[in-house]
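K.L.:
For reference, the sequence and a predicted model appear below.
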Amino acid sequence: MELILEPEKSGDEIKRCISQFGYTPEHNYSYFLTNAESGAKNIFLRSNKGYGVLAAYTEKAAEVTMISEALAPRGEQVEVLHDALDTCFSNLNVQKFVVEQDDALRQKTLKEFANNGYRALPPRYSLYWPMFDMEKWDGNDMPGEDWKKLRNIRNRFYNEHSVEVADSKSVDKEQLKMIVLDWVERRRLMGLGTNRKDSNLAYSERYLKMIELGFEGTKFAKTLVVDGQPCTITAGWEIPNADNSYYSAIGISNYGFEGLSEIANLDDLCRLKENGYSTVDFGGSPMPLLKFKLKFRPHAVYVTHTYAIVKK
């Protein structure tokens, strides 16, 4: 397997690989570009079959973190992962290779890795991913008792405030960055983190990079302007090879008004329904954030586990 240490120079090839073999919410080139945090760098691994692995390498921690699952057919995922492990442990200063997998793929990996020189550590954390069947979702109309609380929040919010929807790409970048910084500070004050294991997306640094890139690679990027103040950012993209499915990757607010987070998420979901998506993935969440997302009445929830693989 070939290790590409400057993947930005192979952007067209990586995009082709994602287009051909991508299938998870995080198989997105622009997301890949923003993924590496301070102290880490993006890397790409390419197999002789044209499959690939998106990852980030942190030399100081001697760790490679794979982004989502391999860009390969489901039946060849474990083989590609094994090749990626061999390549990284042979060519980089690596002690741990971190993966995120659903239950079925994790069990298959554990079984097939039992005698191949690697050992899986216990999961660091698990995330819960709400899924919406948009043909059945009726949050745009909110009929009946089940929607009463959110319906009251929505009606009160729009009665008390002037609300406009702006394309985030047209909003001043410094104002958008202030939304992110306010979000980080408010979560800190509330005792909530901004890490992947305790939020809906890894690290606030990634949001700032997306703003700088002008939300490149997103299908929709919207900001609610409440009483003249930009207050929210929601953004996402279509999931490759996934039958009209959409990943709502970003949903943050500055907590400037009561009910703002609910309104931002409702606005996002209603827009996606209006645009005819059949399925919406609302992103991986720890249990506390999942409880908030359940307000919007998803139809299913699946689980992924993040864990490290080491040499025996």
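P.N.:
Sure, I can see it. Numbers count the residues shown, from 1 in each chain.
K.L.:
contacts, neighbours, all on C-alpha from now
P.N.:
Noted.
K.L.:
Could you list the residues in contact with stretch 129-143?
P.N.:
147-148, 151, 266, 269-270, 273, 276-285, 290, 293-294, 296-304 (CA atoms under 8 Å, 6 or more residues apart in numbering).
K.L.:
Could you write me a ChimeraX select line covering just the buried ones among the residues you listed?
P.N.:
Selection of buried members from the contacts of stretch 129-143 for ChimeraX, criterion 16 or more other CA atoms under 10 Å:
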select :147,151,266,269,270,273,277,278,279,280,281,282,283,284,285,290,293,296,297,298,301,303,304
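K.L.:
Just the ones of the contacts of stretch 129-143 in strands?
P.N.:
Secondary structure defined by DSSP state E assigns Thr279, Val280, Asp281, Ala300, Val301, Tyr302, Val303, Thr304 of the contacts of stretch 129-143 to strands.
K.L.:
For the residues you listed, give me TSV that also has pLDDT and distance to Gly251.
P.N.:
Putting the ones in strands among the contacts of stretch 129-143 into TSV (pLDDT from 0 to 100; distance: CA to CA, whole Å) gives the following:
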residue	pLDDT	distance to Gly251
Thr279	98	17
Val280	98	13
Asp281	98	12
Ala300	98	19
Val301	97	18
Tyr302	96	19
Val303	96	19
Thr304	96	20
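K.L.:
which of those lies closest to Pro25?
P.N.:
The shortest distance between Pro25 and any of the ones in strands among the contacts of stretch 129-143, using CA to CA, involves Asp281 and amounts to 7.4 Å.
K.L.:
low-scoring stretches of the protein, by residue?
P.N.:
Using pLDDT under 70 as the threshold, the predicted model of the chain has low-confidence ranges 189-203.
K.L.:
Does Met210 touch Asn35 like I think?
P.N.:
No - with contact defined as CA atoms under 8 Å, Met210 does not count as touching Asn35 (9.7 Å).
K.L.:
More neighbours: which of those two?
P.N.:
Neighbours per residue (other CA atoms under 10 Å) separate Met210 from Asn35, with Asn35 holding more: 23 against 19.
K.L.:
Count the residues that sit near the residue nearest to the more buried one when sequence neighbours are not counted.
P.N.:
Beyond its immediate neighbours in the sequence, the residue positioned closest to Asn35 (CA to CA, 6 or more residues apart in numbering) is Arg206, lying 6.2 Å away. Number of residues near Arg206 (other CA under 10 Å) recorded here: 18.
K.L.:
helix/strand/coil for Arg206?
P.N.:
helix (DSSP: H, G, I helix; E, B strand; the rest coil).
K.L.:
In contact with it, which residues?
P.N.:
Contact partners of Arg206, counting by CA under 8 Å, 6+ apart, are Thr34, Asn35, Ala36, Glu37.
K.L.:
now those as CSV including distance to Asn48 and secondary structure?
P.N.:
As requested, those are exported to CSV (distance: CA to CA, whole Å; DSSP: H, G, I helix; E, B strand; the rest coil):
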residue, distance to Asn48, secondary structure
Thr34, 26, helix
Asn35, 25, helix
Ala36, 25, coil
Glu37, 29, coil
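K.L.:
between those residues, which is nearest Gly214?
P.N.:
Proximity of these to Gly214, judged by CA to CA, is greatest for Thr34, which lies at 11.7 Å.
K.L.:
give the contact list for the closest one.
P.N.:
So, once contact is read as CA under 8 Å, 6+ apart, Thr34 ends up touching Arg206, Lys209, Met210.
K.L.:
do the same with Lys108
P.N.:
Val78.
K.L.:
Can you verify it is assigned to a strand?
P.N.:
No - assessed with three-state DSSP, Lys108 is helix; it does not lie in a strand.
K.L.:
For it, give its distance to Val78.
P.N.:
Shown here: Lys108 relative to Val78, a distance of 8 Å by CA to CA, to the nearest Å.
K.L.:
Equivalent analysis for Asn93, please.
P.N.:
Distance from Asn93 to Val78, counting by CA to CA: 22 Å.
K.L.:
Neighbour count for those two, which is higher?
P.N.:
When neighbours are counted by other CA under 10 Å, Asn93 and Val78 differ, and Val78 comes out ahead with 21 against 16.
K.L.:
How about the more buried one, nearest residue that isn't a chain neighbour?
P.N.:
Skipping the residues right next to it in sequence, Val78 comes nearest to Thr109 by CA to CA, 6+ apart, at 5.9 Å.
K.L.:
Touching, Gly117 and Leu110? I think so.
P.N.:
No - Gly117 lies out of contact with Leu110 (CA under 8 Å); the separation is 11.8 Å.
K.L.:
gap between the two ends of stretch 269-284?
P.N.:
Where stretch 269-284 starts and where it finishes are 16 Å apart, if you go by CA to CA.
K.L.:
coming back round to it: export the ones in strands among the contacts of stretch 129-143 to JSON lines and tack on distance to Gly214?
P.N.:
Formatted as JSON lines, the entries for these read as follows, by distance: CA to CA, whole Å:
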{"residue": "Thr279", "distance to Gly214": "25"}
{"residue": "Val280", "distance to Gly214": "23"}
{"residue": "Asp281", "distance to Gly214": "22"}
{"residue": "Ala300", "distance to Gly214": "32"}
{"residue": "Val301", "distance to Gly214": "31"}
{"residue": "Tyr302", "distance to Gly214": "31"}
{"residue": "Val303", "distance to Gly214": "31"}
{"residue": "Thr304", "distance to Gly214": "29"}
